[in-house]
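pasting the structure only:
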């Protein structure tokens, strides 16, 4: 049996702000709050389902290019419509050296953490 991703951890300056952003982007809810400001967000079904939860933990250092980022696929609209929605939620285009010929969009969340919006639409399951 192989492993499967159950949680993604992201250090950030303002976990509450990023929780609001990512909950809107992914249709997640806040599942848990810790005394130190750490938040766990995830699908309404909670931890252990088909999608990993995201742990947002307070960290003072600046966001920047990291080794890990999220790749997102729209489930109920095409890529262009989803791009407009993400930008309206506070995402911003990010330049990581793209040529302009890519089939995906590189964006950053409100703290500058990069993620990609892929072209292929996925079944929401």
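It's in. The shown structure was predicted, so the numbers you read here are calculated from the model rather than taken from an experiment.

Other residues contacting the helix or strand hosting residue 84?
Using DSSP states H and E, residue 84 maps to helix 79-89. With contacts defined as C-beta atoms under 8 Å, 6 or more residues apart in numbering, helix 79-89 is touched by 21, 24-25, 72, 74, 77, 93, 105, 107, 117-119, 121. C-beta here means a position set from N, CA and C on the backbone, and glycine is covered the same way.

Mind checking which of those land in strands?
Secondary structure from DSSP state E places 72, 93, 105, 107, 117-118 of the contacts of helix 79-89 in strands.

average model confidence for the helix holding residue 84?
In this model, helix 79-89 has an average pLDDT of 95.

okay if I get the contacts of helix 79-89 as TSV plus distance to residue 50?
Listed next are the contacts of helix 79-89 as TSV, based on distance: C-beta to C-beta, whole Å:
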residue	distance to residue 50
21	22
24	20
25	17
72	15
74	17
77	20
93	29
105	24
107	23
117	20
118	18
119	21
121	17
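
Turn those into a markdown table, including neighbour count and distance to residue 12.
Putting the contacts of helix 79-89 into a markdown table (neighbours: other C-beta atoms under 10 Å; distance: C-beta to C-beta, whole Å) gives the following:
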| residue | neighbour count | distance to residue 12 |
| --- | --- | --- |
| 21 | 21 | 10 |
| 24 | 14 | 16 |
| 25 | 20 | 14 |
| 72 | 18 | 18 |
| 74 | 20 | 24 |
| 77 | 12 | 27 |
| 93 | 11 | 20 |
| 105 | 21 | 21 |
| 107 | 22 | 16 |
| 117 | 21 | 20 |
| 118 | 16 | 23 |
| 119 | 14 | 27 |
| 121 | 14 | 28 |
